[in-house]
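> can you look at this prediction? I've put the sequence above it.
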Amino acid sequence: MKKTGVITVLSDGTVMQDYNVSDIPLYIARGKLRPGGNTISEHANLDLETIYVSEGEMTAQINGKDVHVLEKEILVINSSIPHSLRCGGDKDCIYSCGIANESLFTASRSMREKYIDQIFYSFNHDYILIKRNSPYYEPIEKVFSEIWNIYDKQPRCYELLITAKLQEYLAYLYMYLGDSDLIIDSNLEKKDYRLFLRMVEHVRYTMAEKISIKGMADAAGVSEKTVHNLFRKYANRTPFEFVTFLRINVAKNLLVDGSYTLSDIALMTGFSHQSHFTKVFKSETGVTPREYVKSIVKK
């Protein structure tokens with residue numbers, strides 16, 4: 001097993017989300033974006049992501065749409081939604097982000113169905129932008145800050161304290177979504193989104209293998225036509241466009257890690273030959289894998 005960035009590459013070449021808080025499925029980090037400088041290239045997380053801009057401004061491109069985030073505003077990006085981040089003003093953008101797996105919030109079955117599934121499977125928008133005058137902004141911002149304070153100081157049993165704060169955050173987020181009519185009401189819609197996530201998981205864990213529409217359909221127990229419809233509906237891409245996007249996104253992390261050859265990365269991300277990998281990578285990013293690594297090193 002090899003850890004790199006925010007993924008873990010297993011011995012069979014599959015990948016899974018990696019986390020940086022001891023013993024709990026949570027990734028938190030701080031970052032700085034410079035005007036006209038570094039960017040966070042397009043990627044998608046398989047968990048809900050929360051970004052808090054503490055200084056400056058940020059522009060997030062989410063599914064091809066520019067979203068401007070002002071200082072002290074909070075951006076929540078839905079799972080599996082492609083997005084990139086850049087500075088949105090004339091001074092440095094300082095931000096913090098948190099990516100939490102839904103397993104952190106598992107409670108009783110009834111509690112899960114009533115609250116947890118409503119957020120992780122019934123949030124029917126690519127993102128939400130919580131402005132300073134928004135309902136529940138103050139308690140959400142306060143909890144987010146408290147989580148960072150605990151993580152920085154790491155007192156005894158800090159993992160339990162963070163988990164408790166995350167439960168509180170989820171409660172306020174649930175109330176915000178409900179009051180803003182951003183929760184999917186239809187039971188059919190909830191079912192469709194669960195099926196889509198099941199197919200995304202299939203792609204994620206079989207990335208090194210040959211992926212087919214039939215395989216996606218079998219993973220979710222749906223027809224091949226439904227596969228096409230759900231990917232267009234929730235990812236705004238065809239199934240194979242999404243597969244290519246995910247493979248290239250993982251390849252970028254492996255390239256930056258520097259522990260693998262191009263041939264290794266090609267095989268680990270489902271390309272039969274290095275030349276094919278290089279061709280697709282350049283088509284998707286505009287640069288070759290080696291040029292991409294050089295551009296990262298320069299930053």
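Perfect, thanks for sending it.
> could I have the CA atoms of the helix or strand containing E201 written out in CSV?
Here E201 sits within helix 187-205, counting by DSSP states H and E. Written as CSV, here are the backbone C-alpha positions of helix 187-205 (Å, rounded to 0.1, in the frame of the first residue of the first chain):
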residue,chain,number,x,y,z
ASN,A,187,-38.1,9.3,-2.9
LEU,A,188,-37.4,8.4,-6.5
GLU,A,189,-34.8,11.1,-6.7
LYS,A,190,-33.1,9.8,-3.6
LYS,A,191,-33.0,6.3,-5.1
ASP,A,192,-31.5,7.6,-8.4
TYR,A,193,-28.7,9.5,-6.6
ARG,A,194,-27.8,6.4,-4.5
LEU,A,195,-27.6,4.4,-7.7
PHE,A,196,-25.4,7.0,-9.3
LEU,A,197,-23.0,6.9,-6.2
ARG,A,198,-22.9,3.1,-6.4
MET,A,199,-21.7,3.4,-10.0
VAL,A,200,-19.1,6.0,-9.1
GLU,A,201,-17.8,3.6,-6.4
HIS,A,202,-17.6,0.8,-9.0
VAL,A,203,-15.5,3.1,-11.3
ARG,A,204,-13.3,4.2,-8.4
TYR,A,205,-12.4,0.7,-7.2
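> what residues are up against Y136?
The contact partners of Y136, taken as Cβ atoms under 8 Å, 6 or more residues apart in numbering, are 130, 172-173, 175-176, 179. C-beta: built from backbone N, CA, C; applies to glycine.
> helices of the protein, residue ranges please.
For the chain, applying DSSP state H gives helices covering 109-111, 117-120, 137-153, 158-179, 187-205, 213-220, 224-235, 239-257, 262-268, 274-285, 289-298.
> now restrict the contacts of Y136 to buried residues only.
Neighbour-count burial (16 or more other Cβ atoms under 10 Å) applied to the contacts of Y136 gives 130, 172-173, 176.
> how about P289, nearest residue that isn't a chain neighbour?
F281 (5.2 Å; Cβ to Cβ, 6 or more residues apart in numbering).
> likewise L246?
V203 (6.0 Å).
> likewise N236?
N63 (5.4 Å).
> how deep is the residue nearest to P289 tucked in, by neighbour count?
27 (other Cβ atoms under 10 Å).
> shouldn't it be in contact with N249?
No: if you go by Cβ atoms under 8 Å, F281 and N249 don't touch, sitting 10.9 Å apart.
> and of the helices of the chain, who's closest to C93?
helix 137-153 (16.5 Å; Cβ to Cβ).
> contact partners of the closest one?
Contacting residues not belonging to helix 137-153 are listed as 21, 28, 50, 52, 72, 74, 96, 98, 130-131, 158, 161-162, 165-166, 168-169, 172-173, 176 [Cβ under 8 Å, 6+ apart].
> picking that back up, lowest average pLDDT across the helices of the chain?
Comparing mean pLDDT across the helices of the chain, the weakest is helix 117-120, with a mean of 70.
> dump the helices of the chain to JSON lines, plus distance to E57.
Output for those, formatted as JSON lines (distance: least, Cβ to Cβ, whole Å):
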{"stretch": "helix 109-111", "distance to E57": "38"}
{"stretch": "helix 117-120", "distance to E57": "27"}
{"stretch": "helix 137-153", "distance to E57": "16"}
{"stretch": "helix 158-179", "distance to E57": "22"}
{"stretch": "helix 187-205", "distance to E57": "31"}
{"stretch": "helix 213-220", "distance to E57": "39"}
{"stretch": "helix 224-235", "distance to E57": "28"}
{"stretch": "helix 239-257", "distance to E57": "25"}
{"stretch": "helix 262-268", "distance to E57": "35"}
{"stretch": "helix 274-285", "distance to E57": "26"}
{"stretch": "helix 289-298", "distance to E57": "24"}
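> just to revisit the earlier point, show me what contacts the residue nearest to N236?
Shown in contact with N63 (Cβ under 8 Å, 6+ apart): 81-83, 126, 236.
> and for the closest residue to C87 other than its chain neighbours, the neighbour number?
Closest residue to C87 apart from its sequence neighbours, by Cβ to Cβ, 6+ apart: L33 at 4.0 Å. L33: 22 surrounding residues under other Cβ under 10 Å.
> no more questions from me, cheers.
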